[in-house]
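Build me a model from this:
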Amino acid sequence: MANIGFVGLGVMGYPMAGHLQQAGHSVTVYNRTASKSRQWADEFAGTAVATPALAAADQDYVMVCVGNDDDLRSVIAGDEGVLKGARSGLVIVDHTTASADVARELAALASQQGVEFLDAPVSGGQAGAENGQLTIMVGGDDAVFDRVQPIIASYARMSQLMGPTGSGQLTKMVNQICIAGLVQGLSEALNFAQQAGLDGEAVVSVISKGAAQSWQMENRHKTMLASEFEHGFAVDWMRKDLAIVLAEAQRNGAQLPVTALVDQFYADVQAMGGGRWDTSSLIARLKRD
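Numbers count the residues shown, from 1 in each chain. Predicted coordinates:
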């Protein structure tokens, strides 16, 4: 069993850290809102500390799951960040969805202290985190990944090394491109079905058995038809992710016309007051007239 620090106890990190503790590891947590750390420690019989540096002290691994590039730099390389408390040989596993550039930047800083770094964004949403069924795409060194894989298996059903540092983040960008297009297509299809006078659930019961099937269709069609969006992955976070995607595409020359358009549709949802709605709320902008 390992000694593990966990930094960031949001809707994803909180259950992920819990799975580690329940798997028999010794977990020490830090969260910006200290009451959340104390709540987690009480629930899972773990340890809460006041800084990321303390969460990293004497650990074998530190998992990080925060909001964006700036948050990530702060908790890893800040004055009280993970690297201040890290010993040589520590492995940082970053589950934040962030840019490939920040992954490379922080990996270089970590290596100066003999600390390993893997960028390892996740897919599967809150339900995947709670059920220990996340998919994790990883960038970094093969040998380090081999060490970490049995640890992250506590909350992942699938993890794979995608290439050198930054490759995990690039793969997550591919994931978000796919989701953006899928959800827009599903929104148009369900709205069309309703406008045509069809029973939306009956339609999905048929087409989900054929080539149109997707996770989004299976898991979101009922709430989309009912205009219920107070759950899941927030539009605000999706726009953050798509901004990273579009910036990377500008650098590498990839053409993303549909993704750019869907990003603007999500801006419409934000303007409707739906920033915290699930990403499936794209259908709401089609129904507003």
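
quick check, Glu230 in a helix?
No - using DSSP: H, G, I helix; E, B strand; the rest coil, the secondary structure at Glu230 is coil, not a helix.

List phi and psi for the closest residue to it other than its chain neighbours.
In space, and not counting its chain neighbours, Glu230 is closest to Trp277: 7.0 Å by CB to CB, 6 or more residues apart in numbering. (Glycine included, C-beta is placed from N, CA and C.) Phi and psi for Trp277, reported as degrees, to the nearest 10, are phi -70, psi 160.

One more: Gln133?
When quoted as degrees, to the nearest 10, the phi and psi of Gln133 stand at phi -120, psi 30.

Ok, Ser123 next?
Per-residue torsions, Ser123: phi -130, psi 150 (degrees, to the nearest 10).

In three-state terms, label the closest residue in space to it that isn't next to it in sequence for me.
On the basis of CB to CB, 6+ apart, the spatially nearest residue to Ser123 that is not a chain neighbour turns out to be Thr135, at 4.6 Å. Three-state call for Thr135 (three-state DSSP): strand.

okay, now Thr135: neighbour count?
Under the neighbour criterion other CB atoms under 10 Å, Thr135 is assigned a count of 17.

was I right about it contacting Ile152?
No - under the criterion of CB atoms under 8 Å, Thr135 lies out of contact with Ile152, with a separation of 10.9 Å.

Report the set of residues contacting both of the two.
Shared contacts of Thr135 and Ile152 (CB atoms under 8 Å, 6 or more residues apart in numbering): Ser159.

who touches the closest residue to Leu90 other than its chain neighbours in this structure?
The shortest distance from Leu90 to any residue other than its chain neighbours is 4.9 Å, reached at Val115 (CB to CB, 6+ apart). Neighbouring residues of Val115 by CB under 8 Å, 6+ apart: 83, 86, 88-92.

Show me what counts as buried in the host helix or strand of Ala193.
If you go by DSSP states H and E, Ala193 is part of helix 167-195. For helix 167-195, the buried set under the neighbour-count rule, 16 or more other CB atoms under 10 Å, comprises 167-173, 175-177, 179-180, 182-187, 189-191, 193-194.

Could you point out the helix or strand that follows that helix?
Reading on from helix 167-195 to the C-terminus, the next helix or strand found by DSSP H and E is helix 200-207.

what's the angle from the helix or strand just after that next one to helix 200-207?
Beyond helix 200-207 in the direction of the C-terminus, DSSP H and E gives the next helix or strand as helix 215-225. Between the axes of helix 215-225 and helix 200-207, defined by axes from the mean of the first three to the mean of the last three CA atoms, to 10 degrees, the angle is 170 degrees.
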